[in-house]
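[1] prediction below, plus the sequence it came from.
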Amino acid sequence: GRAAQRKVVVAAMQASASGSELREETVQFRLIAAPGYPEMFDEMVTLNSDRNETAFVIVDSPFRATPTEAVTWVQGTNAVENGEDGLVGKNTYAAAYYPSVLTTDPVSGNSVVAPASHAVLYSYAYNDNVSFQWFAPAGLTRGVVQNASNVGYVNSEGEFVPVSLTQGSRDAMYENKLNPIARFPAEGIIIFGQKTLAAGASALDRVNVRRLLVE
């Protein structure tokens with residue numbers, strides 16, 4: 001079933017991330033993501049460490065997590081390794097986002113569900129284009145999501161369920177270092193946080209501060 005297929009894909013992705021070609025000095029990048037696969041967290045962190053921590057890692061929450069389940073997921077209390085059951089790793093060079101987004105397949109024109117990183121990577125690029133890496137890629141100016149029409153999760157029947165994150169949900173996520181992507185009636189879809197997955201509280205638990213040091 002789905003879990004067996006996912007296991008095969010994850011094994012192949014983990015093997016690819018361990019390859020030496022990504023560690024060559026001639027290959028340059030500043031962002032790392034494995035869209036839809038939180039199982040890749042350790043491999044992405046290791047890759048970044050091997051490259052002298054010159055990049056920043058973006059982590060996706062599971063497609064099927066409700067707002068409450070997403071908080072439990074980022075706490076990692078129900079898991080022994082990184083994956084759909086929980087995120088047990090912490091790293092100051094990484095940030096996690098919730099929920100997934102509804103966007104458009106450019107080939108067919110159909111609506112499709114994409115991982116949070118689909119919107120986050122675009123917003124990071126926009127932020128860096130209009131300002132600098134040390135500005136927060138969040139909020140009503142630089143955190144507006146332009147490549148998605150809605151946010152939500154996939155239910156047990158494989159259907160997309162739109163989510164309007166309440167202030168309580170956003171606060172619970174942010175306190176646990178999960179950055180919410182929220183939809184507001186007037187402002188649209190906004191990335192509403194920029195905390196890293198740092199183990200402790202410090203200036204380095206903010207995305208813009210860590211990316212400044214990376215740069």
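    Nice, thanks for sending it over.
[2] can you give me the strands in the chain?
    Ranges of strands in the chain, per DSSP state E, are 31-33, 56-60, 94-98, 100-104, 111-114, 150-154, 160-162, 178-184, 188-191.
[3] any idea how far the most far-flung residue of the chain relative to its centre is from residue 20?
    Most distant residue from the mean C-alpha position of the chain: residue 26, 26.2 Å away (CA atoms, centre = their mean). Using CB to CB, to the nearest Å, one obtains 12 Å as the distance from residue 26 to residue 20. For glycine as for every other residue, the C-beta is placed from the backbone atoms N, C-alpha and C.
[4] residue 134 now?
    31 Å.
[5] just to revisit the earlier point, possible to save the strands of the chain as a markdown table with mean pLDDT, distance to residue 83 and mean neighbour count?
    As requested, these are exported to a markdown table (pLDDT from 0 to 100; distance: least, CB to CB, whole Å; neighbours: other CB atoms under 10 Å):
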| stretch | mean pLDDT | distance to residue 83 | mean neighbour count |
| --- | --- | --- | --- |
| strand 31-33 | 97 | 16 | 19 |
| strand 56-60 | 98 | 11 | 25 |
| strand 94-98 | 98 | 13 | 27 |
| strand 100-104 | 97 | 16 | 21 |
| strand 111-114 | 96 | 19 | 16 |
| strand 150-154 | 97 | 16 | 20 |
| strand 160-162 | 97 | 22 | 14 |
| strand 178-184 | 97 | 16 | 24 |
| strand 188-191 | 96 | 24 | 20 |
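[6] perfect, that will be all.
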